[in-house]
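Student: sequence plus predicted model, see below.
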Amino acid sequence: MTPPVDLAREQRGVVRGAGLAAVTSFLIVLLAWFSGEAIVARTDDPVARLSLALRLDLAVVLCLAVAIGRVANARFASVDDIGAATAPTESAAVRERRAVLQNTLEQVVLAVPVHLALALLLPPGRLAVIAALVLLFVAGRVAFTLGYARGGPGRAFGFGLTFYPTAAALVAAGALVLGG
């Protein structure tokens, strides 16, 4: 029997991790905003801007490939899991890795189009923001994966580092579209 969960304690841990992720994300994006052209060359060419975002987003897609590989590897190494969906049971290791994979897939589906939109909408000297978003995404996926087994508080920082910058970038892209 599993011990009862202290919900208030878990929630405090999630708030701490998420808050730290929000502050970290804000500072890194702010640094990228103001360092701009020192990190990424200025360009007005939409093809070059999209090309930059797509090249950077290979790291985002790599996170997805790693998550897929982790599930496959866990299934391959387990007599209970090698049958995948045809097996009558699923080990805790595969369940955990599938949960990480599912969350990573959701995050990738949101992040890539937002990065592409920003590539077209950001001022030419601010494209380093996309590089910062990708860096935060990758760091967030690593932290999320490493902290997953520790419950909500263990996942919060990594989730926040992945999701909050993307969500803020989506809002910013919307504002740039509306602002002309």
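Tutor: Here it is on my side, so go on.
Student: in this protein, which spans are helices?
Tutor: 7-35, 46-76, 92-121, 128-147, 151-179 (DSSP state H).
Student: count the neighbours of the residue lying closest to Val142 once chain neighbours are set aside for me.
Tutor: Distances taken as CB to CB, 6 or more residues apart in numbering place Gly158 nearest to Val142, at 7.0 Å, with adjacent residues excluded. Every residue, glycine included, has its C-beta placed from N, CA and C. Number of residues near Gly158 (other CB atoms under 10 Å) recorded here: 23.
Student: what's near enough to touch the residue nearest the centre of the chain?
Tutor: Compute the mean C-alpha point of the chain, and by CA atoms, centre = their mean the closest residue is Thr162, 3.1 Å away. Contacts for Thr162 (CB atoms under 8 Å, 6 or more residues apart in numbering) come out as 107, 111, 136-137, 140-141, 144.
Student: go through stretch 91-102 and flag the buried ones.
Tutor: Residues of stretch 91-102 classed as buried: 91, 93-94, 96-98, 100-101 (neighbour count, 16 or more other CB atoms under 10 Å).
Student: correction: the previous question concerned stretch 142-150.
Tutor: Under 16+ other CB under 10 Å, the buried positions of stretch 142-150 are 143-145, 147-148.
Student: now, which of those residues sits nearest Val14?
Tutor: Within the buried residues of stretch 142-150, the smallest distance to Val14 is 11.0 Å, found for Gly147 (CB to CB).
Student: distance of the closest residue to the closest one other than its chain neighbours from Thr104?
Tutor: Among residues not flanking Gly147 along the chain, Gly154 sits closest, at 3.4 Å (CB to CB, 6+ apart). Applying CB to CB, to the nearest Å, one obtains 16 Å for the distance of Gly154 from Thr104.
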